[in-house]
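Asker: Give the three-dimensional model of this entry:
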Amino acid sequence: MLEDRYGNTLSSTSQAARDAYVDGLDRTLAAAGGSKQKFEAAIEADPSFALAHIALARHHQVWGNRDGVAAPLKAALACTGLSDREASHVNAFSLLMSGKVGDGYRAIRAHLLDYPRDALAAQSCTGVFSLIGFSGQPGREAELLAFTTQLAPHYGDDWWFMAQHAFSQMEAGQVGPAAATIETAIEGNPRNANASHIRSHLYYENGETEAGYRYLTDWMDGYEREGMLHCHLCWHVALWALEQGDLDRMWAVIDADLSPERTVSPALNVMTDMASILYRAERRGVSIPPERWAQVSAYASEYFPSPGLSFADVHAALAHAMAGRSGALTKIIEKAKGPAADIVRDLAQAFRAIAVQDWPEAESHLLVALRDHARIGGSRAQRDLVEFAMASTLLRQGRGAEARRLLSMRRPMATHDGSVVQ
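Answerer: Numbers count the residues shown, from 1 in each chain. Predicted coordinates:
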């Protein structure tokens, strides 16, 4: 029988379908462009290949293309002659794609106990944008590390897994071990965008701005705009340009690679990265034209019209507050839902207060959110937005010593010489 790269048997007897599926899976795991086309090629070679159908449906789901999920999901469920592993795989993902996230997560965890080398299933639980990362539960960083540590014996030095394990280590504060792990991942596949992303986070965590900027700028040469992480890696470049005072470069990257009018990346990355870079630039004293905030706010309303995903809701609230769209902001405050809804409400109210320069009110809400803002999802680097918002709020009240103390305790590697937040 044919097998995928991880030794899992496949029901398809078509070598062409197998090869296209494996190529598409590797492209997915490396956040490279072209995975959709490869899964479609696998289906064309074998229309009864259930895993290719479900992989295509998953691709559309992750990219936020809701309309593209239904047809391949239906096709996968209609396929017959599946092995036990394939049937379990399809069932778990069908639960996720049907909106039964809790059931889907439990099904995937149970599936991985029997089939730990099912990489696409494992991927759904790795990283800060995963089922664990977006769970809204306390201790999610420890859970991410426990998850990848449990899988480690089954993957060896596999380039995809080592990158994900490095991210788990880093987010849990194990920066030293993460450095060794990510180097192994990069040696296995230097063009793995996930690995370059995680290595960039390592530079960020260590405060190595110039080295990170050089590394990522060089690595981005040749990375397809269709790659899933293109927008987000450009956010890292723009952020480092901002930290070095190169505003021309920052705006050039924003306009070419982050702007909703130019990027082809998933809407979640576009909206959150745009809101984040604008706010962080403003905190450094950069004048942000009102139309910039209006654009991000409108984009958030279009792609995330109803609260439900905490990480998106927090950044949408920021954009709405800075754009002065009180109605859209109030909707998030009043209708926030999910396990991290309490944090979303406090941050949304903090941003509302910041927009009108009510610093004591902003401080009161940020103090609550700072207790466990990891629950909203995203990386430590992304959630620095909250730390810097609090430091800025303290500075605005003439409490510079407190602002520096806050950052020295919570983010000691972050630049906090007074120019980061104003």
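Asker: Stretch 11-19 - what's its average pLDDT?
Answerer: Averaged across stretch 11-19, pLDDT comes to 97.
Asker: go on, stretch 39-50?
Answerer: In the prediction, stretch 39-50 has an average pLDDT of 98.
Asker: Show me which positions of that stretch end up buried.
Answerer: Across stretch 39-50, burial judged by 16 or more other Cβ atoms under 10 Å covers Phe39, Glu40, Ala41, Ala42, Ile43, Ala45, Asp46, Ser48, Phe49, Ala50. From N, CA and C alone the C-beta is placed, and that goes for glycine too.
Asker: And stretch 7-27, by the same measure?
Answerer: 8, 10-12, 14, 17-18, 20-27.
Asker: Stretch 231-247 now?
Answerer: Neighbour count says stretch 231-247 has 231-243 buried, by 16+ other Cβ under 10 Å.
Asker: Low-confidence stretches in this structure?
Answerer: The chain contains residues with pLDDT under 70 at 413-422.
Asker: Quickly list the domain ranges of it.
Answerer: Recorded structural domains for the chain (assignment: automatic domain parsing) are 15-124, 135-206, 273-422.
Asker: returning to what we had before: with distance to Asp346 and secondary structure added, can I get the buried residues of stretch 231-247 in TSV?
Answerer: Listed next are the buried residues of stretch 231-247 as TSV, based on distance: Cβ to Cβ, whole Å; DSSP: H, G, I helix; E, B strand; the rest coil:
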residue	distance to Asp346	secondary structure
Cys231	28	helix
His232	26	helix
Leu233	30	helix
Cys234	30	helix
Trp235	25	helix
His236	27	helix
Val237	31	helix
Ala238	28	helix
Leu239	25	helix
Trp240	29	helix
Ala241	31	helix
Leu242	26	helix
Glu243	27	helix
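Asker: tell me which of those is nearest to Ala298?
Answerer: Of all those, the one with the least separation from Ala298 (Cβ to Cβ) is Cys231, at 17.5 Å.
Asker: residues contacting Ser11?
Answerer: Shown in contact with Ser11 (Cβ atoms under 8 Å, 6 or more residues apart in numbering): Phe49, Ala50, Leu51, Gly81, Leu82, Ser83, Glu86.
Asker: what's the answer for Asp23, then?
Answerer: Lys38.
Asker: That one in helix, strand or coil?
Answerer: Under DSSP: H, G, I helix; E, B strand; the rest coil, the three-state class of Asp23 is helix.
Asker: quick one: contacts for Val101?
Answerer: So Val101 contacts Leu95, Leu131 (Cβ under 8 Å, 6+ apart).
Asker: if I look at it, how far off is Asp19?
Answerer: Per Cβ to Cβ, to the nearest Å, Val101 is found 32 Å from Asp19.
Asker: do Asp313 as well
Answerer: 41 Å.
Asker: Ala57 too?
Answerer: Distance, Ala57 to Asp19, using Cβ to Cβ: 20 Å.
Asker: how deep is Lys337 tucked in, by neighbour count?
Answerer: Using other Cβ atoms under 10 Å, the number of residues around Lys337 comes to 13.
Asker: Same check on Ser196?
Answerer: 25.
Asker: repeat for Ala355
Answerer: The tally of other residues near Ala355 (other Cβ under 10 Å) stands at 18.
Asker: That one is in contact with Met322, isn't it?
Answerer: Yes: taking contacts as Cβ atoms under 8 Å, Ala355 lies within contact range of Met322: 5.7 Å.
Asker: nearest to Leu112, of the buried residues of stretch 7-27?
Answerer: Comparing the buried residues of stretch 7-27 against Leu112 with Cβ to Cβ places Asn8 closest, at 12.0 Å.
Asker: Which parts of stretch 177-189 count as buried, going by neighbours?
Answerer: Neighbour-count burial for stretch 177-189 [16+ other Cβ under 10 Å]: Ala178, Ala179, Thr181, Ile182, Thr184, Ala185, Ile186, Gly188, Asn189.
Asker: Could you pull up phi and psi at the last one?
Answerer: The main-chain torsion angles of Asn189 are listed as degrees, to the nearest 10 and equal phi -160, psi 90.
Asker: Same check on Thr9?
Answerer: phi -70, psi 150.
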